[in-house]
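Trainee: Have a look at this prediction, sequence included:
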Amino acid sequence: MSSVEKSLKALGLTLPVPTAAVANYVPAALVSNLLIVSGQLPFGADGKLADAQKGKLREGVDVAVPAEAAKLCALNLIAQAKAALGDLDRVARVLRLGGFFAVDGTYPGMALAMNGASDLIVALFGDKGRHARTTIGVAYLPMNAMAEVEAIFEIRA
């Protein structure tokens with residue numbers, strides 16, 4: 001069991017089953033020492049998108065709601081990384097997270113919401129989980145998801 005999986009277990013979390021691509025792309029691409037994981041939606045352990053993880057953010061929405069969606073996206077990123085690598089201990093560093101949130105007008109809490117993903121990544125990977133990041137609002141995400149997060153990992157041979 002990898003150190004990341006031990007940390008997941010200590011936090012009471014389990015990795016979901018990685019979802020298959022729903023269009024003409026691959027869930028992850030390994031190039032040299034980089035693993036690029038396609039944007040992941042906030043699917044739960046059951047592989048479904050809960051109603052709480054759907055819709056657009058607008059002023060007044062408690063930041064805990066999209067933060068939980070971002071956290072679920074990060075769990076799905078890690079599941080895809082494990083599927084691609086076999087062993088999460090091959091991750092040398094998390095280089096970048098890109099976060100997308102469906103917004104209706106203005107939502108000032110996007111950066112804090114993205115901490116749902118960032119905080120989990122750092123909790124699981126420690127200092128090697130500290131990453132560069134982008135967070136943006138968009139008009140719509142697949143399946144009416146509230147959030148989507150992508151990642152780039154540096155990999156050990």
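Mentor: Sure thing, it's come through. Residues are numbered from 1 along each chain as shown.
Trainee: How far off centre is the strand or helix carrying Leu77?
Mentor: Taking DSSP states H and E as the definition, one finds Leu77 inside helix 64-85. Here the centre of helix 64-85 is set off from its chain's centre by 3 Å, with Cα atoms, centre = their mean, to the nearest Å.
Trainee: which helices and strands sit right next to it?
Mentor: strand 28-31, strand 34-40, strand 91-102, helix 110-125, strand 147-155 (3 or more Cβ pairs under 8 Å, 6 or more residues apart in numbering; DSSP states H and E). (Each C-beta comes from the backbone N, C-alpha and C, glycine too.)
Trainee: Val22: which of these is closest?
Mentor: Closest to Val22 of these, according to Cβ to Cβ: strand 34-40, at 10.2 Å.
Trainee: Tell me the buried residues in that closest one?
Mentor: By 16 or more other Cβ atoms under 10 Å, the buried positions in strand 34-40 come out as Leu35, Ile36, Val37, Ser38, Gly39, Gln40.
Trainee: Could you identify which of the helices and strands packed on helix 64-85 is most buried?
Mentor: strand 147-155 (a mean of 23; mean count of other Cβ atoms under 10 Å).
Trainee: So which residues lie in contact with that one, not counting its own?
Mentor: Applying Cβ atoms under 8 Å, 6 or more residues apart in numbering, the contact partners of strand 147-155 are 30, 33-42, 53, 66, 69-70, 72-74, 77, 81, 85, 90-102, 113-114, 117, 131, 141-142.
Trainee: per-residue confidence at the residue minimising distance to the centre of the chain?
Mentor: Central residue of the chain (Cα atoms, centre = their mean): Ala74, 2.4 Å from the mean position. Model confidence at Ala74, given as pLDDT, is 98.
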